[in-house]
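**Student:** return a 3D structure for these sequence lines:
(2 chains)
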Amino acid sequence: MKALVCVKRVIDYNVKIRVKADKTGVETENVKMSMNPFDEIAVEEAVKMKEKGILNEIVVLSIGSESSQETIRSGLAMGGDRGILVKTTSDLEPLNVAKVISKIVEKEKPEIIIMGKQAIDDDSNQTGQMLAQICNLSQATFASKVEKNGEKFDVTREIDGGLETISVELPCIITTDLRLNEPRYASLPNIMKAKQKKIEQIDVGSFGLNLESRLEIIEVNDPPERKPGIMVQDVEELIGKLKSEAKVLS
Amino acid sequence: MDSSNLIDKTEIKSEIEDKINSYDLILKKLEILSKKVSSFLKSSCVKDGRVSSSLLEKVQYKSHGYAWFETYRISLRELLQWYKRLSSTNKNSPLDALVLAGGFSEYLMQIKNGIMMSQSEIIRPEDLGLTSEDFSFFNEENFSEVINYGLSEDVKNEIVKYLCQGNFPSLGLGDETLEMIQDQFKKFTDEEIIPEANEWHLADKLIPDEILSKMSDLGVFSIAIPEEYGGLGMGKVAMCVVTEELSRGFLAAGSLGTRAEIAGELIRLGGTEEQKQKYLPKIASGETLTTAVFTEPNTGSDLGSLSTRAVLNDEEYTINGNKTWITHGARSDLMTVLARTNSDEKGYKGLSMFLVEKPRGNCENPFPMDGMSGSEIEVLGYRGMKEYEIALDNIKVSKKNLLGEKEGMGFKQLMETFESARIQTAARAVGVAQSALDISLQYAKDRSQFGKPIVEFQRIAMKLALMVIETSIARQITLFSAREKDNDERCDIEAGMAKLLAARVAWSVADSGLQIHGGNGYALEYPISRVLCDARILNIFEGAAEIQAQIVAKGLLGRD
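**Tutor:** As a prediction, the model looks like this:
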């Protein structure tokens, strides 16, 4: 069984984001970039499935500039087998990303497609669902547990009311939630092995897709600054403030 | 970020671009001074065309000063190279530019006015035969402008502003694989080591077996071991990257690899094929933990006076003697023991190296082997592996366990590992310095006094600026010596310089860091108190600062 794992290069989660002066977006120059943490969970899940013998090949896909190769390489160092980079210099919105992935799905015919439920940069949480529609595949989103059950997968999803377990037929799309697993560190031997693994490069133009943007970013702003806290002298003062200022006690 | 800052950003970088030419010229001037100092010293310590040890001893202070002078010069050269490499790939950040400017000016002023060999010993230009005339180029217009720029408070304030935004100077590894390694080990250290390190230290515990096995799985012990013996054969730069990250979490974590490094290098360079096949794969996998058994109660830096004896009877050697400062002595499986095989040879030539297997001990029963006993040496810092003083009483070991199966080679074999061990130790020091910087920066941002975070006070900010400048300089000379080693260049002197500087920097950065913490820094519960204790060892082990300066000075004077 083959898995396609989609990974996105985003600003590292540790970086303090700075909005560009002209408010068109955020600063990315000289900023540390990493794999979207939800996608790391997706890679880890695929590697675990391969270790259990469920999968025999993991293809790591990313869409972006030349630098996205580094992100694919991280996926290969965690245990992916080969990579595909669809090269583009433009920022694609979720629908367009889904269209591009659908072309790779046509080409690779994976039984299972795993990706983060969302990317931490734009928090869209749409690509997996849109891809399911375009490719007409079953989808299991917000997965917190994935188990193979005969020819199907049982996927536990975190929903408002609690946990829901659904059964999906193959081929399917799984989008990963935070608690699905803890991604491994890439070991030195695996980092060295990843250097030898192949990354195929495809130009996005070669698909002949209409990738026109339907969304326009009007403005990006900093969140309002948080007011500094204060130190209180004693419990009485604290309770007083909780009553009079915070108004959480009466 | 507001728009005025954006203008600053490009301005800072272009400001530096204009100055790079001057930095190059200043380095040329320093080269001339260096030659002058060298001939000044040679006039008093060279006899019959060779450096005389006894004459050199008479000018020990000055010659060590020369070692420091050269360490500064090479450090600045490498700091500039670092910036140029970043700049050529367009990866230089404004903070990098500021660190370059600040670093150049600070170290140049020390060269001109007095270099801190330690916090009490200052080497002044006059000690090195230099006069104020030699430094007149400082006053030439283009140079004085460059130097004054780097000394300005503006530069330091800007540096701290960037630090407070979460920026640090670029490492400048210039290689995707190395960057990935750094990234993974940073994560490992942040998640698995830093949250626990202080507790391990305070409880004076061994680093847990579980962490040890995770480190084995990550490949920490296999870095330097060749591929044909189950290692990764990755080279010293990779080793430095891993070591710095682990040491940033806990010095002992970064030092576990040192043990594998010393034993691995001894066997790789001095062992027979059979010995390599037998031991290297197990060292690489972490299955065999090693410990270095060299120092004796009366033999520290002067290994030539070593008195542990190994006597051959037929097929077996019998080893007797007392050893001390045996790091990770209990929880280890293989000792590399330096002992005298030829009692007629009083010096280095009578020494041989043995590979002595032993059962792994633990804290309750450290040495479960007949003839081996010992006690723990309690220490200020550098905890997590435990130090022991041990006695070897009629330990029998096969002839096959003599390293290289050749007597009298022990000291030479050990010498061959010194370059690697010094580079690795320099990287440990950089990690400790970075840890002090990380912790203290956070504290300075969080701690408010007189109505504002203390980082906004000049004396705190200046300290932080110097901490990041010196840590960057130490890192770059360390990576330089590692690259030299990877390129098979002889780099004993550069490795010594890196160790010399990085150890001093780690100590002063840790001390400044503790000062930033005020009284809290003196409390055991604050990690900076541990980092200070850990930093103190760096000037002592793997060649004390004085020995290191001696090696560098002797090497330099003998080189040309």
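**Student:** for chain B, give me its nearest residue in chain A.
**Tutor:** Proximity of chain A to chain B (CB to the nearest CB) peaks at A:L188, 3.2 Å away. Yep, even glycine has a C-beta here, placed from its N, CA and C like the rest.
**Student:** how about the residues of chain A by chain B?
**Tutor:** Proximity of chain A to chain B is confined to A:14-16, A:18-21, A:27, A:30, A:34, A:70, A:73-74, A:77, A:185-189, A:191-192, A:194-195 under the rule CB under 8 Å from any CB of the partner chain.
**Student:** for whichever residue of chain B sits closest to chain A, which non-adjacent residue is closest in space?
**Tutor:** Residue nearest to chain A within chain B (CB to the nearest CB): B:G219, separated by 3.2 Å. Leaving aside its chain neighbours, B:G219 sits nearest to A:L188 (3.2 Å; criterion: CB to CB, 6 or more residues apart in numbering or on different chains).
**Student:** please apply the same query to B:D134.
**Tutor:** B:D134 sits nearest to B:L33 (CB to CB, 6+ apart), 5.8 Å away.
**Student:** near chain A, which residues of the stretch 101-250 of chain B show up?
**Tutor:** Contact residues (CB under 8 Å from any CB) of the stretch 101-250 of chain B with chain A: B:165-166, B:170, B:176-177, B:179-181, B:183-185, B:187-188, B:217-220, B:222-223, B:232, B:234, B:238, B:242.
**Student:** cool, and chain B?
**Tutor:** Within chain B, the positions near chain A by CB under 8 Å from any CB are B:1-3, B:5-6, B:91, B:93, B:165-166, B:170, B:176-177, B:179-181, B:183-185, B:187-188, B:217-220, B:222-223, B:232, B:234, B:238, B:242.
**Student:** list buried residues within those.
**Tutor:** Among these, those that count as buried by neighbour count (16 or more other CB atoms under 10 Å in any protein chain shown) are B:93, B:170, B:177, B:179-181, B:183-185, B:187-188, B:218-220, B:222-223, B:232, B:234, B:238, B:242.
**Student:** restricted to helices, list those.
**Tutor:** B:T177, B:E179, B:M180, B:I181, B:D183, B:Q184, B:F185, B:K187, B:F188, B:L218, B:A238, B:V242 (DSSP state H).
**Student:** need the residues you listed in a markdown table (columns: distance to B:E15).
**Tutor:** A markdown table is the format used below for those (distance: CB to CB, whole Å):
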| residue | distance to B:E15 |
| --- | --- |
| B:T177 | 33 |
| B:E179 | 28 |
| B:M180 | 33 |
| B:I181 | 33 |
| B:D183 | 31 |
| B:Q184 | 36 |
| B:F185 | 34 |
| B:K187 | 35 |
| B:F188 | 38 |
| B:L218 | 42 |
| B:A238 | 34 |
| B:V242 | 35 |
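**Student:** turn those residues into JSON lines, columns for pLDDT.
**Tutor:** Listed next are those as JSON lines, based on pLDDT from 0 to 100:
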{"residue": "B:T177", "pLDDT": "94"}
{"residue": "B:E179", "pLDDT": "95"}
{"residue": "B:M180", "pLDDT": "96"}
{"residue": "B:I181", "pLDDT": "97"}
{"residue": "B:D183", "pLDDT": "95"}
{"residue": "B:Q184", "pLDDT": "96"}
{"residue": "B:F185", "pLDDT": "97"}
{"residue": "B:K187", "pLDDT": "96"}
{"residue": "B:F188", "pLDDT": "97"}
{"residue": "B:L218", "pLDDT": "97"}
{"residue": "B:A238", "pLDDT": "97"}
{"residue": "B:V242", "pLDDT": "98"}
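**Student:** contacts only, for the most far-flung residue of chain A relative to its centre.
**Tutor:** Here chain A reaches farthest from its C-alpha mean at A:E236, the gap being 46.8 Å by CA atoms, centre = their mean. Shown in contact with A:E236 (CB atoms under 8 Å, 6 or more residues apart in numbering or on different chains): no residues.
**Student:** that one sits in which helix or strand?
**Tutor:** helix A:235-244 (DSSP states H and E).
**Student:** can you give me the strands for the chain?
**Tutor:** You didn't say which chain, so I picked chain A. Secondary structure of chain A (DSSP state E): strands located at A:2-6, A:9-11, A:33-35, A:57-64, A:82-87, A:112-116, A:138-149, A:152-159, A:162-169, A:172-176, A:199-203.
**Student:** let me rephrase: I mean chain B.
**Tutor:** Under the criterion DSSP E, strands of chain B are mapped to B:46-47, B:50-51, B:115-116, B:122-123, B:290-293, B:309-313, B:316-327, B:334-340, B:351-357, B:372-377, B:387-398, B:448-449, B:452-453.
**Student:** ok, back up a step: what's the burial count for the residue nearest to B:G219?
**Tutor:** As a burial measure, A:L188 scores 26 neighbours (other CB atoms under 10 Å in any protein chain shown).
**Student:** what number of residues lie near residue 20?
**Tutor:** All of this is about chain A. Using other CB under 10 Å, A:K20 is surrounded by 15 other residues.
**Student:** I was thinking of chain B, sorry if that wasn't clear
**Tutor:** For B:I20, using other CB under 10 Å, the count is 16.
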